[in-house]
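> okay, sequence plus prediction incoming.
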Amino acid sequence: MREERPVENVTQPPALTNLAELVTAQALTRPDAPALVQPYPSRRSLTWAQLELQVSAVAAGLASHGLVAGHRVALRGPNSIEFVVGYLAALRAGFVCVPVNPEGTASELAMILSDSGARLLLTSDPGAPGPAVPTLPLTEAGLASLAAEASGSVLSPADREALAVLLYTAGTSGTPKAAMLTHRALLSHLEHFDACGVVDDQTVVLALLPLFHVFGLNAVLGAALMGGATTVLTDGADDLLQVVVEEHVNNLPVAPTLLHRLLASDGLDDVLAGVQTVVSGAAPLSVEVAATFTERTGLRVEQGYGLTEAAPGVTATFGSETTGPGHVGRPLPGVDVRIGDGREESEPAEIWIRGDNLFSGYWPDGQDGPGPDGWFATGDIGYLTDGELVLVERARELILVNGFNVYPAEVESVIREVPGVEAVAVVGRPDDRTGEQVVAFVVGAGLTAELILERCSERLARFKRPVEVRLLDALPQGATGKIKKGALRQLVSTPQPSGNEQHSSNEQHSSQGEQSTRGRGEAT
């Protein structure tokens, strides 16, 4: 008779409970490998061991300011080593990070700080007029001073369901709201993406997409932390092609607008000779631009579908041979995708998603989160073919400028403040450089385009401002009085008749903007 042998206890590594633990893990295995590089204005870098030390020290310094686990800490600044350290330090101490667009207006910042109940603002511009919360400089000297204030160390709360990040976005009504992302949601996306084998410790990834946006924060930075990659931080003001060459970047996550910009560069195929992976995200990519880029460089442009509420990954084209308009690949491992009620998945209907990477609803009470069965309705329309998702239509009336969301209701509300405005409707117009542009149609007496644009410049971030204002005698309406925005979208591709006013000075060059909200699929 065969002798029975006792089953050995196999010790599995404990599941991570805090995203900042990724730094500790990398520091233990490869302490001297480069973790972060910032080429400009003077080149600086941190190894994984140095990053671990800085994160721990700054976390303790933050805790010395009387903050406790669950308190919200806002971060406002460009992509930088300091932003990454501040973000990870706040998470390690158990705080909730609230990334803020550094190009947003003072009123937008004040609203976010008030709504989130932020106890502290870390900002790269400490000299600006201060908000009504304590402010600390998000600079090299500022973080060094904060670390010097540390007494002892902090212990990260071991709760994977703890809230980690609030990412603000305007709702369909124009009222901003924040998606509640837990450590579980953030880490689950990274685990799902890690299974694709795209990022590892030999990867050098360009972090150009803004870190206040979910794509830059978790799909780029988070993936690099998970895979042990080197992250090259830039805010887009640098010579990108020079950075790619000098830093040996081999993984290039970009927005479609950057691909368009790169195609205008000479010697592009030589410059990108060391690049292995190009991923386009944050906005729809035209088939023509992707094909032209591949023809010039030999590099396939990968795409995906995601949204802030999914932290952000849902599908990706890695390994797929299918191409075509709207094609965004297969669901990531660990993510379920359903079309409508699931009965006719080859027929266009609303896209539903399920996975541990989903958010916990909108701040502060978790409203409109996934249902009891875990499914979340994105509001986007699509269908599945051979298990791969094809996007058909964006949700509602969202406009994407440089990959970031502009909600017509918010812009319309600001324009209505102008005396004499009787009616207004805002729509998007396709644009090769920015994806879309904002166009406003206004009805009223004694108005000029300049007057309306002046109000918009006072109240709206740059990327939200109309590039064109058309003054009409009346807006097209249906039988119920609802404005026919479809008819207006047809007008925006028509030359402006003489006698009507228009203005196109507010060109949308900004590469930064608001995060995704429910009802908007973004490439990830």
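Great, that's in hand. Numbering: from 1, shown residues only.
> max-length helix in the chain?
helix 48-63 (DSSP state H).
> list the buried residues of that helix.
48-52, 54-63 (16 or more other C-beta atoms under 10 Å). From N, CA and C alone the C-beta is placed, and that goes for glycine too.
> repeat for stretch 110-126
Buried residues in stretch 110-126 (16+ other C-beta under 10 Å): Ile112, Leu113, Asp115, Ser116, Ala118, Arg119, Leu120, Leu121, Leu122, Thr123, Ser124.
> the first one belongs to a helix?
Right, Ile112. Yes: checked against DSSP: H, G, I helix; E, B strand; the rest coil, Ile112 lies within a helix.
> measure it to Thr257 for me?
Note on Ile112: its distance to Thr257, by C-beta to C-beta, to the nearest Å, is 25 Å.
> what about Asp386, how many neighbours?
8 (other C-beta atoms under 10 Å).
> once you drop chain neighbours, what's closest to it?
Thr322 (7.2 Å; C-beta to C-beta, 6 or more residues apart in numbering).
> do the same with Ala310
Once flanking residues are discounted, Ala310 sits nearest to Asn357: 5.4 Å by C-beta to C-beta, 6+ apart.
> correct me, but that neighbour touches Ala311?
Yes: contact criterion C-beta atoms under 8 Å: Asn357 and Ala311 qualify, at 4.7 Å.
> higher neighbour count, those two?
When neighbours are counted by other C-beta under 10 Å, Asn357 and Ala311 differ, and Ala311 comes out ahead with 33 against 29.
> surely the more buried one meets Asp356?
No: judged on C-beta under 8 Å, Ala311 makes no contact with Asp356 at a distance of 9.5 Å.
> wasn't Tyr87 part of a helix?
Yes: counting by three-state DSSP, Tyr87 is found in a helix.
> list the residues that contact it.
When contacts are counted by C-beta atoms under 8 Å, 6 or more residues apart in numbering, Tyr87 touches Leu75, Cys97, Pro99, Leu211, Leu217.
> ok, now with 6 Å
Cys97 (C-beta atoms under 6 Å, 6 or more residues apart in numbering).
> in what element of secondary structure is Ala425 found?
Assigned by DSSP states H and E, Ala425 falls within strand 421-431.
> after that strand comes which helix or strand?
Strand 421-431 is succeeded, C-terminally, by strand 435-444 (DSSP H and E).
> can you show me the CA trace of that next one as CSV?
What follows is strand 435-444, C-alpha atoms only, in CSV (Å, rounded to 0.1, in the frame of the first residue of the first chain):
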residue,chain,number,x,y,z
GLY,A,435,-9.7,64.9,-30.8
GLU,A,436,-12.6,67.3,-30.4
GLN,A,437,-13.1,71.1,-30.0
VAL,A,438,-15.8,72.9,-28.0
VAL,A,439,-18.3,74.9,-30.1
ALA,A,440,-21.0,77.1,-28.5
PHE,A,441,-24.3,78.2,-30.2
VAL,A,442,-25.9,81.2,-28.4
VAL,A,443,-29.2,83.1,-28.8
GLY,A,444,-29.6,86.5,-27.3
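> what's the following helix or strand after that strand?
Later in the chain than strand 435-444, the nearest helix or strand by DSSP H and E is helix 449-459.
> how far does that next one sit from the chain's center?
27 Å (C-alpha atoms, centre = their mean, to the nearest Å).
> put the alpha carbons of it into CSV.
The C-alpha coordinates for helix 449-459 follow below in CSV (Å, rounded to 0.1, in the frame of the first residue of the first chain):
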residue,chain,number,x,y,z
ALA,A,449,-18.4,86.2,-29.2
GLU,A,450,-15.7,88.1,-27.4
LEU,A,451,-18.0,88.8,-24.4
ILE,A,452,-18.9,85.2,-24.1
LEU,A,453,-15.4,84.0,-24.4
GLU,A,454,-14.2,86.4,-21.8
ARG,A,455,-16.7,85.0,-19.3
CYS,A,456,-15.6,81.4,-20.2
SER,A,457,-11.9,82.4,-19.7
GLU,A,458,-12.8,83.6,-16.2
ARG,A,459,-14.8,80.6,-15.1
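> buried residues, it. List them.
Buried residues in helix 449-459 (16+ other C-beta under 10 Å): Ala449, Leu451, Ile452, Leu453, Arg455, Cys456, Arg459.
> before we move on, what about stretch 260-267?
Result for stretch 260-267 [16+ other C-beta under 10 Å]: buried residues His260, Leu262.
> what's the mean pLDDT across that stretch?
In this model, stretch 260-267 carries a mean pLDDT of 83.
> what's in contact with it?
Leu241, Leu268, Asp432, Arg433.
> what about the last one, distance to Gln490?
Just to be clear, that refers to Arg433. Separation of Arg433 from Gln490 (C-beta to C-beta): 22 Å.
> repeat for Leu209
Going from Leu209 to Gln490 by C-beta to C-beta gives 32 Å.
> same drill for the two, tell me which one is more crowded.
Taking other C-beta under 10 Å, Leu209 and Gln490 do not tie; Leu209 has more neighbours (26 against 12).
> helices of the stretch 1-150 of the chain, start to end?
Applying DSSP state H, counting those that start in this stretch to the stretch 1-150 of the chain gives helices spanning 21-29, 48-63, 81-92, 106-116, 140-148.
> test my guess that Thr231 contacts Ala224.
Yes: with contact defined as C-beta atoms under 6 Å, Thr231 counts as touching Ala224 (4.4 Å).
> low pLDDT regions in the stretch 351-500 of the chain?
393-397, 478-482, 494-500 (pLDDT under 70).
> could you redo the last one with a cut-off of 50?
Low-confidence segments of the stretch 351-500 of the chain, defined by pLDDT under 50: 479-480, 497-500.
> strands of that one, start to end?
376-385, 388-393, 399-401, 404-406, 421-431, 435-444, 468-472 (DSSP state E, counting those that start in this stretch).
> who wins for proximity to Glu82 among these?
Within those, the stretch nearest Glu82 is strand 404-406; the backing value is 22.4 Å (C-beta to C-beta).
> adjacent strands (with direction) for that closest one?
Under the criterion DSSP bridges, strand 404-406 sits next to strand 399-401 (antiparallel) in its sheet.
> circling back: turn the helices of the stretch 1-150 of the chain into JSON lines, including mean pLDDT and distance to Arg184.
Output for the helices of the stretch 1-150 of the chain, formatted as JSON lines (pLDDT from 0 to 100; distance: least, C-beta to C-beta, whole Å):
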{"stretch": "helix 21-29", "mean pLDDT": "97", "distance to Arg184": "13"}
{"stretch": "helix 48-63", "mean pLDDT": "96", "distance to Arg184": "20"}
{"stretch": "helix 81-92", "mean pLDDT": "98", "distance to Arg184": "13"}
{"stretch": "helix 106-116", "mean pLDDT": "91", "distance to Arg184": "20"}
{"stretch": "helix 140-148", "mean pLDDT": "95", "distance to Arg184": "28"}
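> first to last residue in stretch 235-248, what's the distance?
Start and end residues of stretch 235-248 are separated by 18 Å (C-alpha to C-alpha, to the nearest Å).
> kindly report the same for stretch 166-186.
Terminal residues of stretch 166-186 are spaced 12 Å apart (C-alpha to C-alpha).
> again with stretch 365-382
Separation of the first and last residues of stretch 365-382 by C-alpha to C-alpha is 30 Å.
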